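Trainee: need a structure here:
(chains A and B, ligands or ions: 2)
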Amino acid sequence: MSLPDTAAGRPLYGQFPTALRFSVREQSRNRLAALLLGLFVPAWYLLMTSIAGDKGLDFKLYATGETLRVDGRHVTLITAGMNSLTMISGFVVFDAVRKALNFDRRLAFAGFRETTLIGAKLLAITIVTTSIALYTALALLIYWRPGFTGWGTVLLGFMAMTLTYGALGLLLGVLVKNDLEGFFLIIMGGLTDTFLQNPLGNPAANKPALQYFPSFGPMQFSVGGSLADTVMWRYLGIGCAWAAGFALVGLVVFHFRTRSRRPTR
Amino acid sequence: MTPRPQPALSARDIHKAFGRHRVLRGADLTVEPGQLVAVVGENGSGKSTLLKAIAGTLPVDRGEVALGGELGYCPQDPVLNSNLTVDQHLQYFAAAHRLSDLKRADELVDLLGFDKYRSTAAGDLSGGTRQKLNLTLALLHDPDVLLLDEPYQGFDWETYLRFWTLVEDLHRRDKAIVVITHLVFEQERFDLLADLVDGRLTPRSSQEKEVSHVPA
Ligand SMILES: Nc1ncnc2c1ncn2[C@@H]1O[C@H](COP(=O)(O)OP(=O)(O)O)[C@@H](O)[C@H]1O
Ligand SMILES: [Mg+2]
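Mentor: Ligands and ions are numbered 1, 2, ... in the order given. Sure thing, here's the model as predicted:
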């Protein structure tokens, strides 16, 4: 498309910084999510640990093949954290992306470079969701001090998880027509995914089929690092691959939903 | 006035059906630079569908659209971001159009009289003010071809008159303008009225005015 005469001279606002600033803003203005972070996360940790009690649990580490005898409270705290993340990050991104979809399309029609818009959106999702993960990992310290490496692996596992569900939120945000469908899919998906990994709630935990769920990699990574002193980067990688996969499909759909349909010669 | 070899807007044989409901059945519309055209028709006759097809937000089943310049499209339902303020909208679209200043934006905001809402989030604006912003975003880059879908919905009388001042200015500056309207008493403002009936446009040339280009 040709530029209008008025475009002569330096643009007042760069596309990337503008899109990044406003994408972060639209994703962080979610009051319900803020409330969930402030109240739900600590309460959820407390509730889940009291349900877990002091029982020991067997947790299978796939990297080493060994089965760990661990404190049920600790595994459950990790599960509870991941579980809050799936819901909050998924919800925040889904809501923002879905609400802004028509607007983003209008921007693209007005000449906003789509790759710039997409890049800024992805970076904004990363910033917002990793902040959520950082907060959730910090709140964990109220109940458990796993040591620096231990906490670090929990944080990284949380980040992989939050990115995965942020990316899933993006995908559902461009795909799903109404709010309820999207919320339902995120909440049920997140609950199922995270609880299946925990031997407390699920006798089928430790079964090989669980490898095909998004939280498998991050859960293995965080448990290995915090409860067995084994840092298994490959498993963090598996988590990131899920995030990248969801994001990629989401962006392809985004591209198709925002392109021009004008029938020209 | 610089004569142009091609019209500012030419839509040919536009067909669009929603399922079995054939809304557009070979609609044609040609608009020359400096021409102000009204598209009129009953509710549900397909006026908005036609403009969406021309703007490219809706895929058509058949037909062709050619534009002779930059397009400004003001959709019937405001397309805004409820989390962003009026000013942030203006900045976002200034970035989209790579504008080097916000002079035109300031002019439009002043003319339509919503200066005091500049730092209000779009989600908190009244319907009329949302529409003012919606219209401003379409005009921000001073486009050559304008598609305005019921642009003054929710405007008070004062703003409505200012809207026409604005359109007259654009008209004088040789822009090609299509307005969807159903107010009959406005007829004399337009160079051409086109009725959308049964999915086709029929020109209703206005009395003594120089007979404008008739859609083929
Ligand atoms: N996305 C859609 N899906 C199905 N039907 C639609 C859709 N958009 C419009 N229609 C139908 O097409 C007809 C024309 O709609 P529209 O162009 O909005 O009319 P108007 O002339 O009032 O602007 C209406 O009957 C409407 O119900
Ligand atoms: Mg309409």
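Trainee: The one helix or strand B:Arg104 maps to - what's its average pLDDT?
Mentor: Assigned by DSSP states H and E, B:Arg104 belongs to helix B:103-112. What helix B:103-112 shows for mean pLDDT is 96.
Trainee: sec struct for B:Lys116, please.
Mentor: Judged by DSSP: H, G, I helix; E, B strand; the rest coil, the three-state class of B:Lys116 is helix.
Trainee: can you count the residues close to A:Leu134?
Mentor: Per other Cβ atoms under 10 Å in any protein chain shown, the neighbour tally for A:Leu134 reads 14. Yep, even glycine has a C-beta here, placed from its N, CA and C like the rest.
Trainee: and if you look at B:Ala8?
Mentor: B:Ala8 has 24 neighbours, counted by other Cβ under 10 Å.
Trainee: Burial check on B:Gly34, number of neighbours?
Mentor: 18.
Trainee: For it, give its distance to chain A.
Mentor: According to Cβ to the nearest Cβ, to the nearest Å, B:Gly34 and chain A sit 17 Å apart.
Trainee: need the contact list for that residue.
Mentor: B:Met1, B:His171, B:Asp174, B:Lys175, B:Ala176 (Cβ atoms under 8 Å, 6 or more residues apart in numbering or on different chains).
Trainee: Report pLDDT for the third one.
Mentor: At B:Asp174 the predicted local confidence, pLDDT, stands at 95.
Trainee: from the contacts of B:Gly34, which would you call buried?
Mentor: B:His171, B:Lys175, B:Ala176 (16 or more other Cβ atoms under 10 Å in any protein chain shown).
Trainee: With respect to B:Leu196, which of the residues you listed is nearest?
Mentor: B:Ala176 (18.2 Å; Cβ to Cβ).
Trainee: What strand or helix carries the spatially most central residue of chain A?
Mentor: A centroid search over chain A (Cα atoms, centre = their mean) returns A:Thr162, at 2.4 Å, as the residue closest to the centre. Using DSSP H and E, A:Thr162 falls within helix A:148-175.
Trainee: avg pLDDT for that helix?
Mentor: For helix A:148-175, the mean confidence score works out to 95.
Trainee: Check which residues of it are buried.
Mentor: A:150-175.
Trainee: That one packs against which elements?
Mentor: Counting contacts by 3 or more Cβ pairs under 8 Å, 6 or more residues apart in numbering or on different chains; DSSP states H and E, helix A:148-175 packs against helix A:72-109, helix A:114-140, helix A:179-196, helix A:216-227, helix A:233-258.
Trainee: So which of the buried ones among the contacts of B:Gly34 sit within strands?
Mentor: B:Ala176 (DSSP state E).
Trainee: In this structure B:Ala121 contacts B:Leu80, no?
Mentor: No: at 9.6 Å, B:Ala121 does not count as touching B:Leu80 under the criterion of Cβ atoms under 8 Å.
Trainee: Compare the two (neighbour count), which wins?
Mentor: Using other Cβ under 10 Å as the criterion, B:Ala121 and B:Leu80 rank with B:Leu80 on top: 22 against 18.
Trainee: so what's the more buried one closest to, chain neighbours aside?
Mentor: Among residues not flanking B:Leu80 along the chain, B:Ala122 sits closest, at 4.2 Å (Cβ to Cβ, 6 or more residues apart in numbering or on different chains).
Trainee: quick one, what contacts that neighbour?
Mentor: Per Cβ under 8 Å, 6+ apart, neighbours of B:Ala122: B:Leu80, B:Asn81, B:Ser82, B:Asn83, B:Leu84, B:Thr85, B:Val86, B:His89, B:Arg130, B:Leu133.
Trainee: Can you say which of those are buried?
Mentor: Among those, those scoring as buried are B:Leu80, B:Asn81, B:Asn83, B:Leu84, B:Thr85, B:Val86, B:His89, B:Arg130, B:Leu133 (criterion: 16+ other Cβ under 10 Å).
Trainee: hang on, B:Leu99 in a helix?
Mentor: No: counting by three-state DSSP, B:Leu99 is not part of a helix but coil.
Trainee: sorry, back to before: would you mind measuring from the residue nearest to B:Leu80 to A:Lys99?
Mentor: Applying Cβ to Cβ, to the nearest Å, the value for B:Ala122 to A:Lys99 is 11 Å.
Trainee: In CSV, list the contacts of B:Ala122 along with distance to B:Tyr160, secondary structure and pLDDT.
Mentor: Shown next, in CSV, are these (distance: Cβ to Cβ, whole Å; DSSP: H, G, I helix; E, B strand; the rest coil; pLDDT from 0 to 100):
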residue, distance to B:Tyr160, secondary structure, pLDDT
B:Leu80, 21, coil, 97
B:Asn81, 26, coil, 96
B:Ser82, 25, coil, 94
B:Asn83, 29, coil, 93
B:Leu84, 26, coil, 95
B:Thr85, 25, strand, 96
B:Val86, 20, helix, 98
B:His89, 22, helix, 98
B:Arg130, 16, helix, 98
B:Leu133, 16, helix, 98
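Trainee: Quick one: the helices in chain B, in order.
Mentor: Using DSSP state H, the helices of chain B run over B:47-55, B:86-96, B:103-112, B:127-139, B:157-172.
Trainee: Make TSV out of those helices and add distance to ligand 1.
Mentor: TSV is the format used below for the helices of chain B (distance: least, Cβ to the nearest ligand atom, whole Å):
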stretch	distance to ligand 1
helix B:47-55	3
helix B:86-96	24
helix B:103-112	23
helix B:127-139	15
helix B:157-172	19
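Trainee: quick one: which of those is nearest ligand 2?
Mentor: Closest to ligand 2 of the helices of chain B, according to Cβ to the ion: helix B:47-55, at 3.2 Å.
Trainee: For the residue nearest in space to the middle of chain B, list each beta-bridge partner.
Mentor: Residue closest to the average C-alpha location in chain B (Cα atoms, centre = their mean): B:Leu148, at 1.6 Å. Taking DSSP bridges, one obtains B:Cys74, B:Val179 as the residues bridged to B:Leu148.
Trainee: got the contact list for it?
Mentor: With Cβ under 8 Å, 6+ apart, B:Leu148 has these contacts: B:Cys74, B:Leu135, B:Ala138, B:Ile177, B:Val178, B:Val179, B:Ile180.
Trainee: Redo these as JSON lines? Include distance to A:Ser260 and neighbour count.
Mentor: What follows is these, written out as JSON lines (distance: Cβ to Cβ, whole Å; neighbours: other Cβ atoms under 10 Å in any protein chain shown):
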{"residue": "B:Cys74", "distance to A:Ser260": "17", "neighbour count": "23"}
{"residue": "B:Leu135", "distance to A:Ser260": "21", "neighbour count": "23"}
{"residue": "B:Ala138", "distance to A:Ser260": "16", "neighbour count": "25"}
{"residue": "B:Ile177", "distance to A:Ser260": "21", "neighbour count": "25"}
{"residue": "B:Val178", "distance to A:Ser260": "18", "neighbour count": "27"}
{"residue": "B:Val179", "distance to A:Ser260": "22", "neighbour count": "23"}
{"residue": "B:Ile180", "distance to A:Ser260": "21", "neighbour count": "21"}
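Trainee: No more questions from me, cheers.
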